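Participant: 3D, please:
(2 chains)
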Amino acid sequence: EPEVTQTPSHQVTQMGQEVILRCVPISNHLYFYWYRQILGQKVEFLVSFYNNEISEKSEIFDDQFSVERPDGSNFTLKIRSTKLEDSAMYFCASRTGYMNTEAFFGQGTRLTVV
Amino acid sequence: QKEVEQDPGPLSVPEGAIVSLNCTYSNSAFQYFMWYRQYSRKGPELLMYTYSSGNKEDGRFTAQVDKSSKYISLFIRDSQPSDSATYLCAPGGAASGGSYIPTFGRGTSLIVHP
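Facilitator: Alright, predicted model coming up:
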């Protein structure tokens, strides 16, 4: 069964460093999302991406965040200068198209900023 | 007012019980109503979705939506220990550009004990 895969499963980084979280969405999917979940809190929307551009973003997704689909298969989230409060699980999700509402989620990357 | 509200629980029930999980939302533009299940340290997985008001049944699970009161329910019949997880209510609507973006509640933790 096709699935969304995320790497790495756990990333530890020092405050101020840049991190790149990677996702491989399901191959025929067109919409891509990043969410985050701070420990004990709810899953929060960060950004959606369609047709090689950001279609929606939340207030959390500020200038330190960026997304990219560099090669037609990977979908990345870059955090330029990490802060302690960026420590969270980051989930990538994808879905096929506008009329199909089911979003499939990856297993997540646990980011720990020290 | 929070956009999506759920009682975090935990809700503890014996095996075989009927479980009722509930959610309220504030945005009247929401058109799609999803329930996701999340096991510890895993990504959310879609259980059910409905469009507009009404009921939908899938095996032991029934989703119910009342748009007039902005109230969403998930019923689980004959609950099993394997149903122990956090259940996330995720209504959503067509945002600008037509993309669907699930907005998650905090989730209700369910424990089904043998």
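Participant: CA atoms for contacts and neighbours, from now on please.
Facilitator: Fine.
Participant: quick one: name whatever helix or strand follows the helix or strand of chain B with the lowest mean pLDDT.
Facilitator: Comparing helices and strands within chain B by mean pLDDT, DSSP states H and E singles out strand B:45-51 as the least confident, with a mean of 87. Scanning forward in sequence from strand B:45-51 by DSSP states H and E, the next helix or strand is strand B:54-58.
Participant: list the strands paired with that next one, with their directions.
Facilitator: Applying DSSP bridges to the sheet, strand B:54-58 is found paired with strand B:61-66 (antiparallel).
Participant: centre of the chain to the strand it pairs with, how far?
Facilitator: Strand B:61-66 sits 9 Å away from the centroid of its parent chain (CA atoms, centre = their mean, to the nearest Å).
Participant: is any part of the least confident helix or strand of chain B close to chain A?
Facilitator: Yes - with CA under 8 Å from any CA of the partner chain as the threshold, strand B:45-51 lies in contact with chain A, specifically through B:E45, B:L46, B:Y49.
Participant: how about CSV for these, with distance to A:N51 and neighbour count added?
Facilitator: As requested, the residues of strand B:45-51 next to chain A are arranged in CSV below (distance: CA to CA, whole Å; neighbours: other CA atoms under 10 Å in any protein chain shown):
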residue, distance to A:N51, neighbour count
B:E45, 25, 19
B:L46, 24, 18
B:Y49, 25, 20
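Participant: may I see these organised as TSV, with distance to B:H113 added?
Facilitator: Listed next are those as TSV, based on distance: CA to CA, whole Å:
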residue	distance to B:H113
B:E45	22
B:L46	23
B:Y49	27
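Participant: what is the nearest of those to A:P70?
Facilitator: When those are compared for distance to A:P70 (CA to CA), B:E45 comes out closest, at 26.6 Å.
Participant: now do the contacts for the residue positioned nearest the centre of chain A.
Facilitator: With distances taken as CA atoms, centre = their mean, the residue of chain A nearest its centroid is A:W34 (3.2 Å). For A:W34, the contact set (CA atoms under 8 Å, 6 or more residues apart in numbering or on different chains) comprises A:F45, A:L46, A:V47, A:S48, A:L77, A:Y90, A:F91, A:C92, A:A93.
Participant: now do the strands in chain A.
Facilitator: Secondary structure of chain A by DSSP state E: the strands cover A:5-7, A:10-13, A:19-24, A:31-37, A:43-50, A:53-57, A:65-68, A:75-79, A:88-95, A:104-105, A:109-113.
Participant: most packed of those strands?
Facilitator: Neighbour counts (mean count of other CA atoms under 10 Å in any protein chain shown) averaged over each of the strands of chain A peak at strand A:88-95, with a mean of 26.
Participant: low-confidence ranges in chain A?
Facilitator: Counting by pLDDT under 70, the ranges of chain A that qualify are A:98-101.
Participant: hang on, the earlier thing: quick one: closest of the strands of chain A to B:E57.
Facilitator: The stretch from the strands of chain A with the least distance to B:E57 (CA to CA) is strand A:104-105; that distance is 20.6 Å.
Participant: direction included, what does that closest one pair against?
Facilitator: Strand A:104-105 sits in its sheet next to strand A:88-95 (antiparallel), going by DSSP bridges.
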